[in-house]
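Enquirer: what shape does this take:
(3 chains)
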Amino acid sequence: MSDNYEPSSAIGKWFDKRLPLLTLFAGHVLPYPTPKNLNYWWTFGGILTFCLIAQIVTGLVLAMHYVADADQAFNSVEHIMRDVNFGWMLRYIHANGASMMFMAVYIHMARSLFYGSYKEPRELIWIIGVFIFLLMIATAFMGYVLPWGQMSFWAATVITNLFSAIPFVGESITNWLWGGYAVGSPLLTRFFTLHYLMPFLIFALVILHVWALHVPGNNNPEGIDVVQGSQDTVPFHPHYVVKDMFALVVFLVIFAGFIFFVPNLLGHTDNYIPANPLQTPEHIVPEWYFLPFYAILRSVPDKLGGVILMVSSIAILAFLPWLDTSKVRSAKYRPLYKQFFWLFIADVILLGYLGSQTADGLFLLIARIATAYYFIHFLVLMPLLGFVEKTKPLPKSISEPVLSKEEREGQATQST
Amino acid sequence: MKKIIIKITFGFLFLTSYGFAAEIHEPLHPDWSFEGPFGIYERASLQRGYQVYTEVCSGCHSMDLLSYRNLIEEGGPEFSKEQAKAMAAMFEVEDGPNEDGEMYMRPAILSDYFVSPWENKQQARVANGGAYPPDLSVIVKAREGGADYIYSLLIGYEDPPSDMEIDDGVYYNIYAKGEKIAMPQPLYEDGVEYTDGTVATPEQMAHDVTMFLTWAAEPKLEARKRIGFKVISYLIILSFLLYFTNRRIWKDTH
Amino acid sequence: MSEDTSVTRRNFLYITTGSFAAAGSAALAWPFVDQMNPDASVKALASTEVDLTPILPGQSITILWRGKPVFIRRRTPEEITEASKVKLDELPDPEGDEDRVQNPEWLIMVGICTHLGCIPLGQKGEYNGWFCPCHGSHYDTSGRIRKGPAPKNLEIPQYVFLDENTVKIG
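Expert: Numbers count the residues shown, from 1 in each chain, chains lettered A, B, ... in the order given. Model (predicted):
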């Protein structure tokens, strides 16, 4: 389809001949053959792109007023809230936008886990996605430090202190990171710089992520290959452009609900107390989207061990395409995996809850079990299931997901 | 045997008394006019609350993020410009240096920020037995329970239970953390003579000053909810339009 | 339903949705533009009230207004007469003295040279007014350019006398 696109205007022709952006957009992206059976779990990629742009644009205008100095940061944010025209709105969009973006990314990842979108030949899309997720984590963490409230300061202290767990060079690295002997103004200014930079790295990775996707094409709820340009596909525009926009607007209703009516619900009251290096808050808690990882970190009594386990819990995602040995992609046809999928989701939510509580007594015990289960899911269950599971017969095409009864019975005796 | 029974009884009482003393009091939940999607502040209450802050709280608590010009802005107490100018002029701020290189004091004007009772934090601590009276600009957002908590705390002072040890400079308050607080009871019957004639019970003053403090922490609340209603209405209409557009586009597929 | 009506209905739906979405996007853009406008704390300092009582005839003060120096001079009768006697065709930037003051006794102008922005020195220069040391512009007792590279007279800001002794600038 890109081969036969011609811009309609003379200027268009002149430009496209020298830099084929119009061909890329109108000749490739818009008509891109997309499986016609994608459900609403597939709209979160578009939602995430919107979130990224929204965060960059709101962040940009906030940066025109924010001051990244320990003595002025908190007050500069309040200045934005009180004096800057629409400052309160821009700030609340940006703060709640981070939460919305993580909500969307978790749903987006869960979609991939359920439908096997990370499996051959889409492994690299998934791995790029893991790196995007890592950059999101770094960006959000640094962003939370910027208002320089009590949680900002102490979260920065706890997490940067983790680097001192590295053997031999730990303390030097930590002081290098701090630019001093404790969290302070030098750390704040460099965090501001990096927080400004990372979203653009994310943007670049997103381009690679989508490019890699366009090689094999989208996965679909059935998990079976779809012939591009056949009856089983529809052009991306208008079918999925409009569907994505509809899903986005519904998402925005929820987003707006937070911004305009409960803007501080997902935050922590302690962050409205200016940072005090001489007073630690009673319970240092990260933002909700970090809670599962926080629970994993605290489940190990050893500092370095906790760090390694926490990092591994994300790194292990990159290996999923190889840990999962099943030849069947979609959980729709993997009845046993489907149950373990939901168990995994429940485990992550449980870890999230435990991350918000104190790490002692019964909470700690359950957190350890939940952490162990998290790794068992990837390291034991995923490899095993591929061999052990009796999958349902796959449809011949996405237009006929339901085989006739005899065909199904006939298939059942053959599988595995 | 008797000794053992006595020991067990006292031990039991000791342990259960721990339970009584550690009973957590949930904050009171008065109806606030600013709650809910259509909530707004009560103008008159905000003005009375400013009076309570100025006459009672500002002796120890600063409000550095507020400026006298905020008092005339939309969505707040909405004093008139003349009133606000007069209220500002009751305070002195440092300005300068003048031509002789000296700093000098002058009456505050609208663009000045609320005058702090202290020159620095350390001075504040010294005058309050080592405890720093926090700045009140965002106190309602900085405490779990928000306005409910602040309101309850202000009227939560009671005589301590007989078995509790209370040091000097610490007071018993059923809503405070650990039921102890370094702030003495601030509000007493008729502590303030309201200019609008409202009876100044502790509950009334607590209500008004909490309303004022909530506005101080969230001066844009009214505009925020107003715009929010418009935005969400717009988005819902747009979602319907897109839903039907989407249905139309997909009609001939499958 | 004929082909025509259904196409019209479809187009109507698409156009309505598209316009509605476009209108919303335009409205969304405004806060992002407006946030760069002067904020409330800057606007609070946009006007300054000055107490004129301490200024004697022949004295000047300089105050800061919107980040710029403003000369407030209580002119002597001689300076006023000198200013009004000047013929318009002698002036590079013709402007009568009466057009530059509300009360002839009080000359209020932005103390920034209209050449390249330096601050002229008071009661200096060949015309008894101001002299800019950067490139040699001479202003007269009405703050008008008489000699030198400056193209225009010193700017008169917006001001109003609140009473005999107080002027509000801006």
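
Enquirer: so B:L153 is in which element?
Expert: Here B:L153 is covered by helix B:146-154, with elements defined by DSSP states H and E.

Enquirer: which residues does C:N165 contact?
Expert: Each residue near C:N165 by CB atoms under 8 Å, 6 or more residues apart in numbering or on different chains is listed here: C:51-53. Heads up, the C-betas are built off the backbone N, CA and C, glycines and all.

Enquirer: now with 6 Å?
Expert: By CB atoms under 6 Å, 6 or more residues apart in numbering or on different chains, the contact list for C:N165 reads C:52-53.

Enquirer: quick one: it and C:V50, what's the gap?
Expert: As judged by CB to CB, to the nearest Å, C:N165 and C:V50 stand 9 Å apart.

Enquirer: could you do A:V169 as well?
Expert: Taking CB to CB as the measure, A:V169 and C:V50 are separated by 62 Å.

Enquirer: one more: A:F319?
Expert: Counting by CB to CB, the gap between A:F319 and C:V50 amounts to 73 Å.

Enquirer: more crowded one of these two?
Expert: In terms of neighbours (other CB atoms under 10 Å in any protein chain shown), C:V50 is the more surrounded of A:F319 and C:V50; the figures are 18 against 15.

Enquirer: what about that one, helix or strand, and which?
Expert: Per DSSP H and E: C:V50 is located in strand C:48-51.

Enquirer: what's the mean pLDDT across that strand?
Expert: If you average the pLDDT over strand C:48-51, you get 88.

Enquirer: is that strand positioned near chain B?
Expert: No. Figure legend: strand C:48-51 not in contact with chain B (CB under 6 Å from any CB of the partner chain); closest approach 7.8 Å.

Enquirer: show me what that strand is packed up against.
Expert: Other elements packing on strand C:48-51 under the criterion 3 or more CB pairs under 6 Å, 6 or more residues apart in numbering or on different chains; DSSP states H and E are strand C:166-169.

Enquirer: for the strand holding C:V50, buried residues please.
Expert: Of the residues in strand C:48-51, those buried by neighbour count under the rule 16 or more other CB atoms under 10 Å in any protein chain shown are C:48, C:50.

Enquirer: mean confidence score for the helix holding B:L153?
Expert: In this model, helix B:146-154 has an average pLDDT of 97.

Enquirer: again, but for stretch C:78-87
Expert: Average pLDDT, stretch C:78-87: 90.

Enquirer: so what strands line up beside the strand holding C:V50?
Expert: With DSSP bridges as the test, strand C:48-51 is paired with strand C:166-169 (antiparallel).

Enquirer: mean confidence for the partner strand?
Expert: Per-residue pLDDT over strand C:166-169 has a mean of 93.

Enquirer: buried sites along it?
Expert: Here strand C:166-169 shows C:167, C:169 as buried, counting by 16+ other CB under 10 Å.

Enquirer: alpha carbons only: can I get it in PDB?
Expert: Presented in PDB, the C-alpha positions along strand C:166-169 are these (Å, rounded to 0.1, in the frame of the first residue of the first chain):
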ATOM      1  CA  THR C 166      -0.500  60.400  45.900                       C
ATOM      2  CA  VAL C 167       0.000  59.200  42.300                       C
ATOM      3  CA  LYS C 168      -0.700  55.700  41.100                       C
ATOM      4  CA  ILE C 169       1.500  54.600  38.300                       C
END
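
Enquirer: what pLDDT does the residue in the stretch 1-150 of chain B that chain C sits nearest to get?
Expert: Among the residues of the stretch 1-150 of chain B, B:S111 lies nearest to chain C; the distance is 4.0 Å by CB to the nearest CB. Reading off the per-residue confidence, B:S111 sits at a pLDDT of 94.

Enquirer: ditto for C:D4
Expert: With respect to pLDDT, C:D4 has a value of 74.

Enquirer: what count of nearby residues applies to it?
Expert: For C:D4, the tally of surrounding residues (other CB under 10 Å) stands at 8.

Enquirer: only the buried residues of whatever helix or strand it lives in, if you could.
Expert: When elements are assigned from DSSP H and E, C:D4 belongs to helix C:3-34. When burial is assessed from 16+ other CB under 10 Å, helix C:3-34 yields the following buried residues: C:13-14, C:17, C:20-21, C:24, C:31.

Enquirer: repeat for stretch A:274-293
Expert: Neighbour-count burial for stretch A:274-293, counted by 16+ other CB under 10 Å, picks out A:274-275, A:281, A:284-293.

Enquirer: what does stretch B:225-238 give?
Expert: Residues of stretch B:225-238 classed as buried by neighbour count (16+ other CB under 10 Å): B:225, B:227-228, B:231-232, B:234-235, B:238.

Enquirer: distance from the chain centre to it, please.
Expert: A distance of 29 Å separates the centroid of the chain from that of stretch B:225-238, by CA atoms, centre = their mean, to the nearest Å.

Enquirer: residue of chain C closest to chain A, please.
Expert: C:P31 (3.7 Å).

Enquirer: ok, for that residue, nearest residue in space, not its chain neighbours?
Expert: A:F86 (3.7 Å; CB to CB, 6 or more residues apart in numbering or on different chains).
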